[in-house]
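1. Here is a sequence with its predicted model. Questions after.
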Amino acid sequence: HTHTRSFPKIEIVPINTGCLNSCTYCKTKHARGTLGSYPVEEIVQRIQTVIAEGVVEIWMTSEDTGAYGRDIDTALPAMLRAVVDVLPEGTMLRLGMTNPPYIREHLEVCASPCVCVCVRVCVC
């Protein structure tokens, strides 16, 4: 597929949609439904494609990145390992839009020189 990127060296890669929670302050589940994770193989293939197109920074995102895979019998660390294995040296991976309850158990695994984790904390 061909599309125009706002930033030619950055690709935004959605890894799942929806969420597992029903927070009173949030309408994500109402708008996006329950958690729906994309298969690891599809994510890795998309990243390999955009790297071949010259992308050097990947922004992985979703409504709740930390919950990735809970609906398809995998978990965020397994997907991240598969992705990091195909990243050329110098490629940065930004992992964003996650809530503390699900990402906390994965923070140690996410510690990699090429991974930046962005945590959203709601103050209500």
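-> Noted; the coordinates are in hand. Computed from a predicted model, the values in this text were never measured in an experiment.
2. Check which helix or strand the residue most central in space within the chain maps to.
-> The centre of the chain sits closest to residue 60, judged by CA atoms, centre = their mean, with a distance of 3.4 Å. Element membership of residue 60 [criterion: DSSP states H and E] is strand 57-61.
3. Over to residue 11?
-> strand 10-14.
4. what's next to that strand, contact-wise?
-> Under the contact criterion CB atoms under 8 Å, 6 or more residues apart in numbering, strand 10-14 has outside partners 5, 38, 43, 46-47, 50, 55-62. From N, CA and C alone the C-beta is placed, and that goes for glycine too.
5. which among those residues end up buried?
-> 38, 43, 46-47, 50, 55, 57-62 (16 or more other CB atoms under 10 Å).
6. Let me know the closest of the residues you listed to residue 18.
-> Closest approach between these and residue 18, by CB to CB: residue 62, at 8.3 Å.
7. ok, what's across the strand from the closest residue to the closest one other than its chain neighbours?
-> Once flanking residues are discounted, residue 62 sits nearest to residue 16: 4.4 Å by CB to CB, 6 or more residues apart in numbering. Residue 16 has these beta-bridge partners by DSSP bridges: residue 37.
8. Fine by me, we can end here.
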